[in-house]
Structures are given as C-alpha cells and as structure tokens.
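Colleague: Give me a model of this one.
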Amino acid sequence: MAEDTARRLQARPIAVSRAAPPASTQTILLIITLIVATLYLGADILMPIALAVLLSFVLAPIVSRLQRWRLGRVPSVLAVVALLFLGIFGFGAVVGSQLGDLADNLPTYQRNIHAKIESLRTATSSAGERGALKQATDAFRDLQQELERATGGDKAAAPASPPSPSGVGPVPRSSPPPAAREPVPVRIDQSDTGVFDLVRNILGPAMTPFATAGMVLVFTIFMLLQREDLRDRLIRLAGSGDLSRTTEALNDAGERVSRYLLMQVIVNVTYGLPIGVGLWLLGVPNPLLWGLLATVLRFIPFLGPVIASAFPILLSFAVDTGWTLPLLCIALFVAVELFSNNVVEPWLYGSATGLSSLAIIVAAVVWTTLWGPVGLLLATPLTVCLVVLGRHVPQLHFLEVMLGDRPVLPDEAKIYQRLLARDPTEATEIAEERLGRSNPTELADGLLLPALSLAEQDRQRGALNPDGRQAVADGMAVLLDELAEVVPAADARRVLCVGVRNNLDEAAAGLLGYLLGGRGVKADVVPCEAVSGRVIASLGTSGIDAVALSCLNPSALGHTRRLVRRLRLHFGPKVPILLCLWSAHPQAEVPERATAETNAERVATSMAGALSELEALGLVAPAEPAEEAADPV
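Modeller: This next block holds a predicted model:
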C-alpha cells in the first residue's frame, strides 16, 4: 500500500509556482487601448451597469439596515428601490409644476426683455441720432461691401463693345443663344410611412432614456439582491490566491465611493438650500425650482453649477426692468460657490476620493468623450476605482501616480532633486515649511540629512557624477545660509566640523555647524583636504575645543581610522573627537565597531545624538524643552 502511494506521488507532476514576468510597456498600452475601445463601443450596455453599481453603493447601507431590522432581503431591496423611484417621481412632479408656472408668466417676462433691450440701446447711443452700437454695425457692413467690390468687381463688370466702323456708336453684339436647360429628374417616393416607421423614427429616440432607466432599475435590484454572490465572484476573478489584497482593494473602493457620494449629497444640499432661500429673498420667481436644480446639477463636475446659475440669472434679467436684480443674483451665486468650494468641500471631503484636482478635470473630459453626459456624472466614482486598482495592483501602480492625490515623492527626495537641479530656492521653501512645524534639530534629522543620504547612495551606485555632488553641496550651503537668519549663532566654544571623504560629507558637516550655531557654538566647517597630512599643520592647535568628523558612508572605517589618528597626533589627547556616522542605524553594529576600530571618544548617528554628545562634553548648552529632539542617540 505504501509502495503504491509513493509510486502515485512520483508519477504526479509537481506544479512549480513561478512569478509572472512583468508586462512590457507595449502590452500595457495595447490593453489600455482595448479597454478604451470597449468602453466606447459598448457604451449602451456598460453605462446602465455603471449607473447600477453607483446606485448599489448608495443603497446597500440602507438595505443592510433594513435587514438588521428583520425585514428580509427581498422586501428590503424592493422597499428601498420603490422609495428611490418615488423620490425621483416626486422631484419630477415638483419640477414640472414649477416649469408650468414659469411658462404661464413668459409673456410678461418677454415684454420686460424688450424694454431692457431698448433701454440698453438708448444707453449706448451717442450725441447724434444713431447709437454707438448701430454705428459700429454700419461700419462693419460698409467695410464688407468695399471688400466685396474690390475682390469681385472686375469679374462682375461686363466687357465694353468695340466701336462701329462709322464711329457713330458701338457695333451691336449678337446675344448668345440661351443655354439649354437639362431636364430635372423626378422620382416618385412610394415608400410606406406606416405606424412602424412612425414608431422607429419618432418614438424610438424618445423611448431610449426610459429603456436605459429600466435597465438601470433591473441591474440595481439584482445587484442588491445578490451582492454577496457578486462580491465572491469578483474576488475569485480578481485574485483568489491573494484574498487579503483583493479584500482590501474592494473595501477601499467601496468605502471611498460611498463616502464620496455621501459627502457630495451633503455638499449639494448645503449649496442648493442657500441658493433657493437667497433667490426667494431677492424675489426671483420659482425659487424652489432653481434650488432643486442647483442641488441636482451640482452632481455634474464643473459644468453643473454653471448650468444651475444660468437659468435664474437669465430669469432675473427678464423679471426686473432694471439691473439691480441680475447683479444681486450673480453675487449670490458667486458667494455661495466660493463658500462651497473653499470651506464646505475641503471640510467634508478631506481625502474622501484620493484624486488630485487635475485628475478630476482629465477624468471629466475623458469620460464625457466616451459616454457623454452620463460619463460626466460617473467620472469621479469611476476614476476613484481606477486609483484603488493602481494602489493595490503593482502592474497598475502608474494609475495612482498619475491620478492620486498622495505625494509621489517624500520631502527629502524633493530637497535632493531641487538641489541636484541647482534650484536651492525651492528647496529652501520646503525646508522653511517643515521648520514652521518642527525645531531645527528635527528638520536636520528628518529632512536635510536624509536628502544628503540619498545623494550619497547615488554616489555609491555611480549614478551621481562629481558635478552633481558639487551642485548638491553648494545648494545645501545656500539653503543653510538662508535658514541661519532664523537661527543666529554666537561666539563661545569652537568646534571643528570636518567632512571625512568628499563634498557631501562636508555638506553634512555644515549641517551640524548650522545646529551648533543656533546653540551659541562657533563651528568651523572644513573639507577633508584641509586635514590631509600635508596641510593639517596650517590648522593650528589652539582654540579648538572638539573635532566632529562627518561621514555619510559608515562602511569607510579604514579611511576614518587614519584620519582620527592624524587628528589625534595633531591636536593631542585633550581635544575630544566625535565620529558622526550619519547613515548608520543606532542599533547596528557599526557604531560599536567604529568606537573600537577608530579610537574616537564618542560616536553619534544623528544630529540630535551629536548635540547630546557635545552637551555631555560641556561644549553645548542644553536646549530649551521645545527644541529638544525627539530621539537623541
């Protein structure tokens, strides 16, 4: 029995799990092209499905609440859908009655418009009988006639007749025979214009919205009834092998879309209610209609508020014989729009969607091109789903980079990039912004020193040439000079800050000198060439209270050991030497090994740690409580 089992196991092929190779750029572009073509060609089917998914996101929490009240799945879904469509029909009834009342008053508004146009014509009239607008129109008309005569006058003029032999008059020309007219073909159309053609040509386009609404209703009901089954099938299709990531992506997408829709409803209500009340106080007819339209149309990004404001402003122009009411209406819409955009939306949205402002605009244009007005309505929720895919699917990470609102570069990378681009001004702005919410030591350890570490990592990989290193070092010096105006230095003790190997180490030494200057210590920053065996004697031996060696590469302990020995011979045992291994982790073995191999008195791995070591030596005054670093080493 055991031998048969072993034989079967040996005969069975063993499945080897291999990681799928990353897709090439051409493959990704081909897939994107196919998806866009499918969205465009299948709009008639995909739009109702997308609308149904959007409605299911909105209605699913209500259905779940009714189910917890022991109402049952089917009754809960039917009750919610019926309530939704009753609300839609009620909204349509209110809008229809308001439009009917508006139509009854149109003759009065027409007379006011004629009177206002006449007043505008009178207001623009000049001292003569003709107004400036009419004079400009006549001038353009005369200019057009002159151009027509100049370009077509020669062709229109008839040729002169030659003189007669007697000289009395021209020789009469025989008129050419009239051209024979071609017969006009006559075709008798005997096509059948029966009831089916009437339905196809007239009722067909009118029934299309109702057919779409019916499809949305059916899809919504079935999605709400079978949402758990659809969720499981989506998980199986998307990646049953990674349930954690798939579940996280589904939860993230559902939470973001639901929160966005809820916040959008609140924003729209807080926008439409002041509009309706304000128009009622101003005396604009049918304020309920305009308030409801402003609430609904604001679901459409960018274009909705413009459409919502155009109708009442035009109506105010027709109602009032003067100009006060239209100007007040314009001021009302501008004030409410500014308050909603700058106060309500940032407060309610926050990071509700995770989309950048540019992504929202681009999404609105793309989805409107593909699906028309419905695409404009669905642009933000659909783009939110794309960002979620980019966040959880590595192959689609570019979607989050292009459309998301999260910073794609940390601040230290921005500092390094700006210094490398020889733009220390913008790097200084980033540092000053961070300094506004932290102290100088935290700024150095959390932002500036990591930026120099990135440069050192590129140097070790060979990706940073000498010109780039010099640009980073010079830019950091300019940045520290700008920040030194905020943190002045005073002469007291003197510390020699030395860069161990290159100009990047010298820039780190200058960063330590910047912090020492804020503590009342005079810091002399010198490059590694200044402490070489040939020129170290020029430094002198008096007036130096300590030496701080800055090194961004902790593995270069051989060169550091020789440098410590040289400094010890030059300054003697009374001057303590602090070895700063900036990129070393404080819990790693490098600091302990450095102490044993280099004979340096003290070792630090951060700016806060270096200041603490110098405090222990009595060279730096203790910092104020508000300026103490978070984690001194």
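Colleague: only C-alpha atoms for contact and neighbour calcs from this point on.
Modeller: OK.
Colleague: For the one helix or strand Thr33 maps to, the averaged confidence score.
Modeller: Per DSSP states H and E, Thr33 falls inside helix 25-41. Taken as a whole, helix 25-41 carries a mean pLDDT of 83.
Colleague: Quick check: chain neighbours aside, which residue is closest to the most centrally placed residue in the chain?
Modeller: Central residue of the chain (CA atoms, centre = their mean): Ser356, 1.7 Å from the mean position. With sequence-adjacent residues excluded and distances taken as CA to CA, 6 or more residues apart in numbering, Ser356 is closest to Asp405, at 4.4 Å.
Colleague: for Tyr416, what are its contacts?
Modeller: Neighbouring residues of Tyr416 by CA atoms under 8 Å, 6 or more residues apart in numbering: Ala451, Leu452, Leu454, Ala455, Val472.
Colleague: repeat that with 6 Å
Modeller: Tyr416 sits next to Ala451 when contact means CA atoms under 6 Å, 6 or more residues apart in numbering.
Colleague: What separation do you get for it and Leu552?
Modeller: Applying CA to CA, to the nearest Å, the value for Tyr416 to Leu552 is 15 Å.
Colleague: Who are the packing partners of the helix or strand that contains Leu261?
Modeller: Taking DSSP H and E as the criterion, Leu261 maps to helix 243-282. The contact analysis (3 or more CA pairs under 6 Å, 6 or more residues apart in numbering; DSSP states H and E) places helix 243-282 against helix 287-297, helix 373-392.
Colleague: in that helix, what counts as buried?
Modeller: 246-247, 249-250, 252-254, 256-265, 267-269, 271-276, 278-280, 282 (16 or more other CA atoms under 10 Å).
Colleague: Name all residues that make contact with Leu419.
Modeller: By CA under 6 Å, 6+ apart, Leu419 lies in contact with Val472, Gly475.
Colleague: what's the next secondary structure element after the strand or helix carrying it?
Modeller: Secondary-structure element containing Leu419, defined by DSSP H and E: helix 411-420. Counting by DSSP H and E, the next helix or strand C-terminal to helix 411-420 is helix 424-435.
Colleague: Using CSV, write out every CA atom in the helix or strand just after that next one.
Modeller: Using DSSP H and E, the next helix or strand after helix 424-435 towards the C-terminus is helix 440-443. Extracted C-alpha coordinates of helix 440-443, given in CSV (Å, rounded to 0.1, in the frame of the first residue of the first chain):
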residue,chain,number,x,y,z
PRO,A,440,15.9,72.9,13.7
THR,A,441,17.2,69.5,15.1
GLU,A,442,14.1,67.7,13.8
LEU,A,443,14.5,69.5,10.5
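Colleague: just use 336 as the starting number from now, easier for me
Modeller: Okay, using 336 as the starting number, the last item reads as helix 775-778.
Colleague: and helix 775-778, how far from the chain's centre?
Modeller: On the basis of CA atoms, centre = their mean, to the nearest Å, helix 775-778 sits 30 Å off its chain's mean C-alpha point.
Colleague: Likewise for stretch 859-868?
Modeller: 47 Å.
Colleague: export it as PDB, just CAs?
Modeller: Output in PDB follows, covering the C-alpha atoms of stretch 859-868 (Å, rounded to 0.1, in the frame of the first residue of the first chain):
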ATOM      1  CA  ASP A 859      34.400  75.900  11.600                       C
ATOM      2  CA  VAL A 860      33.400  73.700   8.600                       C
ATOM      3  CA  VAL A 861      36.500  72.400   6.700                       C
ATOM      4  CA  PRO A 862      36.800  69.900   3.800                       C
ATOM      5  CA  CYS A 863      38.700  66.700   4.000                       C
ATOM      6  CA  GLU A 864      41.600  68.200   2.100                       C
ATOM      7  CA  ALA A 865      42.200  70.700   5.000                       C
ATOM      8  CA  VAL A 866      43.100  67.800   7.300                       C
ATOM      9  CA  SER A 867      45.400  65.900   4.900                       C
ATOM     10  CA  GLY A 868      48.900  65.100   6.000                       C
END
